[in-house]
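*Asks:* Predicted coordinates and the sequence they were generated for:
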Amino acid sequence: MKNLNQHYQSAGLFTLAIRLVIGWTYFSAFWRRLILDNKLIPNEAGYIGEKFNHFLPNALGIKPLIEYLVLHPDQLQFAMVSFTIVEAIVGLFIMLGLFTRLMSIGIFGLAMGILLGSGWIGTTCLDEWQIGVLGIASGFALFLTGSGYYSLDHYFMNKNPQLIDSKLFKWLGSGYLPEIFTKRVILIGSLLIFGLTLYTNQYFHGGVYGTLHNKSVKPKLELSNVVLTSSTVTFEVYRTEGADVYGSFLIGIQLLDEKNQILEELKGEDLAQFPLKNIHNHYVAKIKPGKHSLIIPLGAKADLTVNSNKAKLVKTIRLIDISGIEWEHQINQSNE
């Protein structure tokens, strides 16, 4: 068993660079959110909850959870604080090599959350997807190897040799694993992770076959739930695509009749003064007037109300982005 344990110590030593880098990747999230700048305060610039809201439109499998949290700001803040603390503990312990296998499961879980929630985001490259899949693979590798000579696990095993044969410490810390981890089991685990990599690459980006696509390049707005009264037009706007760090800047809202003639038009200067009482935001990412336009962050959803004495004649709603992109919604009934 002594020779076997030495082999595991060597394997853990070989993954030292991975351990340090992946550990800092997660610990740095805590460091920059709380030490360098406090990003855990709701309604302040840079609030991490709004970033979390950006994940919502195209998340895989966990969309209901994300939507529940962004609909309940208090619970969202608790989740963001808890998530940050977990990242800090997991990242620090991985770098120190303390309870390495337990922390590697944390790495695996955190990376899976990143992959499923934001694997579709990345303007110039497949940023979040790469972080997610590499984190999952790294977590699996660190679980298999444990940590080697430069770790607190190794220090405690030297101080207390009984830990080497402790079944609990083998699963939570480091040392040799039971024979259940045969070559076949490791191969199956590796192939499953590779399969997840190919599946999510295709699902999010079409990166395996067909047409490659990137939903973070340009904004996309979805219009629905139009309600017409004698003096108002109310409709729901939901931004589902585009860069997460850059809003959609709406410089035009046009209400058209059945002949596509403009009945009412709001331009950039009008939208910059759009009444806050006419905006009903659903999530923590909020649509709001900017200096020259109406700003729509990624993942934001709101009901907008436009005043018009010709509301009953409206058949089409057209939105115009500063980039020149236009979105239209046809109204088939007077009240949708």
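*Replies:* Looks like it came in fine.

*Asks:* How is the protein divided into domains?
*Replies:* 2-205, 220-330 (automatic domain parsing).

*Asks:* any chance of these in JSON lines, with mean pLDDT too?
*Replies:* Below are these laid out as JSON lines (pLDDT from 0 to 100):
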{"stretch": "domain 2-205", "mean pLDDT": "93"}
{"stretch": "domain 220-330", "mean pLDDT": "95"}
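
*Asks:* Which among the ones you listed is found nearest to Thr211?
*Replies:* domain 2-205 (9.9 Å; Cβ to Cβ). Quick note: C-beta positions are derived from backbone N, CA and C, even for glycine.

*Asks:* Contact partners for the spatially most central residue of the chain?
*Replies:* The chain has Ser118 as the residue nearest its centroid, 3.3 Å off, counting by Cα atoms, centre = their mean. The contact partners of Ser118, by Cβ atoms under 8 Å, 6 or more residues apart in numbering, come to His54, Phe55, Ala59, Glu128, Gly132.

*Asks:* Quickly note the distance from Thr123 to Lys286.
*Replies:* Note on Thr123: its distance to Lys286, by Cβ to Cβ, to the nearest Å, is 22 Å.

*Asks:* When the two are compared, which one has more neighbours?
*Replies:* Lys286 (18 against 14; other Cβ atoms under 10 Å).

*Asks:* that's a strand at the more buried one, yeah?
*Replies:* No - assessed by DSSP: H, G, I helix; E, B strand; the rest coil, Lys286 does not belong to a strand; its assignment is coil.

*Asks:* which ones are touching it?
*Replies:* Ile279, Pro297, Ala300, Ala302.

*Asks:* For the domains of the chain, give me TSV that also has distance to Thr211.
*Replies:* Shown next, in TSV, are the domains of the chain (distance: least, Cβ to Cβ, whole Å):
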stretch	distance to Thr211
domain 2-205	10
domain 220-330	15
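
*Asks:* thinking again about what came up before, and the residue nearest to the centre of the chain, how far from His54?
*Replies:* 7 Å.

*Asks:* returning to what we had before: closest one to Leu16 out of the contacts of Lys286, please.
*Replies:* Closest to Leu16, out of all of those and judged by Cβ to Cβ, is Pro297, at 40.3 Å.

*Asks:* who's in contact with that closest one?
*Replies:* Neighbours of Pro297 in contact, by Cβ under 8 Å, 6+ apart: Glu50, Asn53, His54, Arg239, Gly247, Ser248, Ala285, Lys286, Ile287.

*Asks:* and it, how far is that from Val306?
*Replies:* 20 Å.

*Asks:* surely Ile131 meets Gly113?
*Replies:* No - counting by Cβ atoms under 8 Å, Ile131 stays clear of Gly113, with 11.0 Å between them.

*Asks:* doesn't Arg184 fall inside a helix?
*Replies:* Yes - under three-state DSSP, Arg184 falls within a helix.

*Asks:* and it, how many residues sit next to it?
*Replies:* The burial count for Arg184: 8, using other Cβ under 10 Å.

*Asks:* Begin at 52 from now on, thanks
*Replies:* Sure, I'll start numbering at 52, so the last one becomes Arg235.
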